[in-house]
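Engineer: just a sequence and a predicted model for now, questions to come.
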Amino acid sequence: MLIVTLLLVQVLVLANVFPDNFLVYSSFGLVLVFSLYFKNQDLIKATLFLFVFNGLMRRLAASDSSYFTENDILIFLPYIPIVALLFKKLNTFKFEFHLLVVLYFICIFALFSIQQSVPNIVWGLINLIMVIVLGQVSKQYFDDALMDFIIKLGLVSSVYIFIQKFSLPEYDMGWCQNRRTGLVYLESCSSSSTRLWGTMESAVNMACFLSVCFLLLAFRSKKNLPTIIKFIELGVIFVALFLTGTRTFLFIIPIAYLLSVYFFKKLTIRGFIFGVLSILVSASILPNLALLFDYESRWVSRLDLTNLTGDRSITDRIALVASFKDQLSLKNLLIGDGLGSKSRGSLAIDNGYLALVLEVGLPLTVILLIIIFRKLINVQDFQNPLVLQSWSVCILLIFANASYVVLTGSSSVYFWIFFFMVNSRGNSYKVQSK
């Protein structure tokens with residue numbers, strides 16, 4: 001009901017039935033009211049929906065200005081259902097002690113730098129705390145139905161990307177033209193090679209979510225789903241992912257998949273050989289797929305594995321990573337410059353691990369990574385399909401974090417909700433037996 005109502009409000013604003021700022025006020029009011037009455041699992045669904053469609057809502061709210069500021073208040077909309085969920089579970093909620101200690105020091109360290117980058121640090125702290133709370137509270141409500149809901153969000157987002165490819169909506173075009181100065185990849189808003197961002201605010205965030213959906217669907221355990229339907233849905237998500245122009249996930253999805261089936265002892269020698277061959281064949285056809293969508297020659301060459309050394313994008317990324325040394329000091333090496341200070345804005349580094357060192361210091365970075373890897377290694381239930389899906393997503397995002405900020409950035413919600421599911425039995429069997 002909340003989702004339908006929000007979409008209706010967006011359509012009415014787009015049709016100029018209501019004033020521009022009506023979407024902002026009405027959205028907060030609707031989410032708050034519905035959050036008070038929603039069941040716990042519905043609150044999780046509402047949160048994920050709002051994260052996926054937040055960028056689209058912000059563009060619609062901008063209306064004639066065709067632009068939203070970095071600190072647009074709608075950024076905080078997805079956190080309302082999380083707060084409601086926390087209050088409903090307050091009597092039984094127990095924060096994992098080691099994570100609580102890490103978050104405590106992250107907040108304390110941020111106080112020494114918050115005056116230098118207030119908006120980014122405030123958002124960084126709120127986002128990380130909220131998504132970790134969501135992950136811990138929601139792990140007992142994970143089942144196949146919730147996984148299906150996430151996949152459906154991916155399919156809807158994919159359809160929207162197809163719409164953008166066919167004809168970029170006016171509000172998206174206006175946003176693109178305004179953002180070209182701030183985002184390197186938006187070299188043109190009318191080119192056949194424009195990287196599409198779907199319902200989110202950037203192509204890489206959209207690609208991240210679609211990659212999560214792709215793996216969830218690849219390991220989907222429902223037996224009543226026809227194979228042909230599964231492959232069609234995989235195809236839809238893959239093509240949409242391709243249209244984002246984000247190569248990172250195109251290359252690491254197969255790695256995450258093979259590691260998952262190997263770790264969960266579901267990979268035979270024959271299956272491994274078949275998997276490697278499939279990856280090589282798939283990689284070889286990417287340039288042809290670009291030609292099919294009438295991409296420019298430079299975009300076709302970007303997908304050619306034999307041409308990576310001459311890729312401008314890769315050399316630019318290396319230069320950004322090299323800026324890590326220029327920003328390094330004794331202070332940020334020990335306590336950081338505040339979470340969010342190096343992963344957002346002009347000082348952003350396209351490497352989540354290096355950015356985290358600069359934001360929270362090397363000691364806390366190491367401790368946080370130890371916590372993450374210990375949980376992922378100590379899997380308890382190898383037979384639970386939900387655990388396999390969750391583990392594969394976590395591995396995918398850990399690899400992706402080396403390319404851009406995932407674990408503590410705007411896509412961190414997908415990591416943390418599946419991170420806590422890895423050591424939870426979930427409700428997969430109960431759902432399947434119905």
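Structural biologist: Looks like it came in fine.

Engineer: could you look up the SS state of the nearest residue to Thr47 once chain neighbours are set aside?
Structural biologist: Nearest residue to Thr47, sequence neighbours excluded (C-beta to C-beta, 6 or more residues apart in numbering): Pro81, at 4.5 Å. C-betas here are computed from N, CA, C, even on glycine. Pro81 falls in the helix class when you classify it by DSSP: H, G, I helix; E, B strand; the rest coil.

Engineer: around Pro81, how many other residues sit close by?
Structural biologist: 26 (other C-beta atoms under 10 Å).

Engineer: who are the contact partners of it?
Structural biologist: Contacts for Pro81 (C-beta atoms under 8 Å, 6 or more residues apart in numbering) come out as Val31, Ser35, Phe38, Leu43, Ile44, Ala46, Thr47, Leu50.

Engineer: in helices, which of these fall?
Structural biologist: Val31, Ser35, Leu43, Ile44, Ala46, Thr47, Leu50 (DSSP state H).

Engineer: which one of those residues is nearest Leu103?
Structural biologist: Nearest to Leu103 among the ones in helices among the contacts of Pro81 is Thr47, at 19.0 Å by C-beta to C-beta.

Engineer: hmm, back to that, now restrict the contacts of Pro81 to buried residues only.
Structural biologist: Val31, Ser35, Phe38, Leu43, Ile44, Ala46, Thr47, Leu50 (16 or more other C-beta atoms under 10 Å).

Engineer: distance of the second one relative to Glu233?
Structural biologist: In this structure, Ser35 and Glu233 are 30 Å apart, going by C-beta to C-beta, to the nearest Å.

Engineer: and the furthest pair within the contacts of Pro81?
Structural biologist: Val31 and Ile44 (13.7 Å).

Engineer: near the nearest residue to Leu407 once chain neighbours are set aside, how many other residues are there?
Structural biologist: Spatial nearest neighbour of Leu407, excluding adjacent residues (C-beta to C-beta, 6+ apart): Asn401 at 5.1 Å. Per other C-beta under 10 Å, the neighbour tally for Asn401 reads 22.

Engineer: which stretches of the stretch 151-300 of the chain have low pLDDT?
Structural biologist: Confidence mapping of the stretch 151-300 of the chain against pLDDT under 70 gives the ranges 180-188, 222-224, 267-272, 274-275, 278-279, 281-284, 291-300.

Engineer: can you list the buried residues in the strand or helix carrying Leu333?
Structural biologist: Under the criterion of DSSP states H and E, Leu333 resides in helix 330-334. Buried residues in helix 330-334, counted by 16+ other C-beta under 10 Å: Asn332.

Engineer: could you say what helices and strands that helix packs with?
Structural biologist: helix 352-360, helix 362-377 (3 or more C-beta pairs under 8 Å, 6 or more residues apart in numbering; DSSP states H and E).

Engineer: same list, the ones you listed, but as JSON lines with mean neighbour count, distance to Ile229 and mean pLDDT please.
Structural biologist: Converted to JSON lines, the helices and strands packed on helix 330-334 look like this (neighbours: other C-beta atoms under 10 Å; distance: least, C-beta to C-beta, whole Å; pLDDT from 0 to 100):
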{"stretch": "helix 352-360", "mean neighbour count": "25", "distance to Ile229": "35", "mean pLDDT": "91"}
{"stretch": "helix 362-377", "mean neighbour count": "15", "distance to Ile229": "31", "mean pLDDT": "93"}
